[in-house]
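In: predicted model, plus sequence, below.
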Amino acid sequence: MSGGPRIALAFHPGSGRGAAARLAGAVATRLRPHIARLDVIDADTVDGARRRLDAARERGLDALIVVGGDGSVHQAVQFCAGTSVALGIVPSGTGNDLARALDVPVDPAAAVDLLTGALRSGDRRRLDLGRAGETWFGTVLCTGFDAAVNDRANRLPWPRGPRRYDVAIAAEMASFRARDIRVTTEDAGELTMPAMLVAVGNTPWYGAGIPVCPGADPVDGLLDVTVVGKVGYRELVRVLPQLRTGRHVEHPAVTTLRARAVEIADVGTTAGAAWPVFADGDPFGGLPTSISCVPQALTVLA
């Protein structure tokens, strides 16, 4: 198609034991009749993918379509944020939380139909992003119990698959302790309290559809903050299932805030390493951390 959009299609060739590569081939076939140029980026490292994407941008690039899960989408957000390159997603992971926030169909064929329709019409949307330091996130940044579970699961050599998270949850339930955390925002000032979990959401979901920040809206210029205060073991067992319905915000131990900028710091004297921080499901270092909402930082195909 002469004069059509110039697209990069990125995927990790080893993802899902080759499933992403097979799916990307079908996506490429569906895309080609609607575009002027397609650069297929099948790198297996972040640095390798970034070099090839930068080269594609130098030749002129209108959109990046990523086939993958939240980790792949997170890296695509780093490339597209603050630029005119639009992001499109064909979800193929277990979480797909940014795709969920964008109402992208889980079915790959339906997702490609959505993208080709946007490419033909030129429809685009602008979304806010969260930013901590030089790193962007589209969904949720979290620290505390949920981040500790993620961190432990990543370090477990066995079992593989979702059972790793079951083992990690059981281990953290037995050992996790609240810490004195200070959350600072421009409107609420400083909130210091023993906490089990702090989540900062640009969109509502993390962990494959858990609405930890159920009111988060990626076009309102604000971040939603959910703080789960100190609760005992039995009460934590009660609160955690409520996360899957969004009803946890009604619990008296839960505090919610909205802010353009948030600072989270560990001010306790509890022994042990600082809480890890995760965003979009990826490691983000540890506390303290400063987060801001950058309005309309990301263009997406819509």
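Out: Yep, it's here.
In: what packs against the lowest-mean-pLDDT helix or strand in the chain?
Out: Sorted by mean pLDDT, DSSP states H and E, the helices and strands of the chain end with helix 163-175, the least confident at a mean of 81. Where contact means 3 or more C-beta pairs under 8 Å, 6 or more residues apart in numbering; DSSP states H and E, helix 163-175 is packed against helix 145-155, helix 233-242. Every C-beta, even on glycine, is put in place using the N, C-alpha and C of the backbone.
In: mind checking how far that helix is from the chain centre?
Out: Remark: helix 163-175 is offset 22 Å from the chain centroid, using C-alpha atoms, centre = their mean, to the nearest Å.
In: CA atoms only for that helix, dumped as CSV, please.
Out: Extracted in CSV, the C-alpha atoms of helix 163-175 (Å, rounded to 0.1, in the frame of the first residue of the first chain):
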residue,chain,number,x,y,z
ARG,A,163,2.0,-22.8,40.9
ARG,A,164,5.1,-20.7,41.6
TYR,A,165,2.9,-17.8,42.7
ASP,A,166,0.9,-20.2,44.9
VAL,A,167,4.1,-21.2,46.7
ALA,A,168,5.3,-17.6,46.9
ILE,A,169,2.0,-16.4,48.4
ALA,A,170,2.1,-19.2,51.0
ALA,A,171,5.7,-18.3,51.9
GLU,A,172,5.0,-14.6,52.2
MET,A,173,1.8,-15.1,54.2
ALA,A,174,4.0,-16.9,56.8
SER,A,175,6.8,-14.4,56.9
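In: buried residues in that helix, which are they?
Out: If you call a residue buried by 16 or more other C-beta atoms under 10 Å, then helix 163-175 has these buried ones: 164, 165, 168, 169, 172.
In: assess the claim that the third one and residue 149 are in contact.
Out: Yes - here residue 168 reaches residue 149: they are 4.8 Å apart, a contact under C-beta atoms under 8 Å.
In: ok, residue 155 - contacts?
Out: Under the criterion of C-beta atoms under 8 Å, 6 or more residues apart in numbering, residue 155 has no neighbours.
In: confidence score at it?
Out: If you check residue 155, the pLDDT there is 85.
In: if we can go back for a sec, pick the one among the buried residues of helix 163-175 closest to residue 139.
Out: Ranked by distance to residue 139 (C-beta to C-beta), these are led by residue 165 at 17.3 Å.
In: burial of the closest residue to the closest one other than its chain neighbours, as a residue count?
Out: Of all residues not flanking residue 165 in the chain, residue 153 sits nearest, at 5.0 Å (C-beta to C-beta, 6 or more residues apart in numbering). Per other C-beta atoms under 10 Å, the neighbour tally for residue 153 reads 18.
In: how far away is residue 153 from residue 12?
Out: Remark: distance between residue 153 and residue 12 (C-beta to C-beta, to the nearest Å) = 19 Å.
In: with residue 132 instead?
Out: Separation of residue 132 from residue 12 (C-beta to C-beta): 24 Å.
In: now swap in residue 103 and tell me
Out: Counting by C-beta to C-beta, the gap from residue 103 to residue 12 is 24 Å.
In: so between these two, which is more surrounded?
Out: Neighbour count, other C-beta under 10 Å: between residue 103 and residue 12, residue 12 has more, with 24 against 8.
In: contacting residues for the more buried one?
Out: If you count contacts by C-beta under 8 Å, 6+ apart, residue 12 has them with 20, 42, 43, 44, 68, 72.
In: and it, what helix or strand is that in?
Out: Under the criterion DSSP states H and E, no helix or strand holds residue 12.
In: gap between it and residue 139?
Out: Where residue 139 is concerned, residue 12 sits at a distance of 19 Å (C-beta to C-beta).
In: and what of residue 26?
Out: Going from residue 26 to residue 139 by C-beta to C-beta gives 26 Å.
In: between those two, which one's more packed in?
Out: Applying other C-beta under 10 Å to residue 26 and residue 139 shows that residue 139 carries more neighbours, namely 31 against 14.
In: and residue 123, what does it touch?
Out: Residues in contact with residue 123 (C-beta under 8 Å, 6+ apart) are 117, 301, 302.
In: low-confidence ranges, the stretch 1-150 of the chain, go.
Out: Within the stretch 1-150 of the chain, the stretches with pLDDT under 70 are 1-3, 16-17.
In: which residues touch the nearest residue to residue 171 once chain neighbours are set aside?
Out: Nearest residue to residue 171, sequence neighbours excluded (C-beta to C-beta, 6+ apart): residue 152, at 6.0 Å. Counting by C-beta under 8 Å, 6+ apart, residue 152 touches 168, 171, 172.
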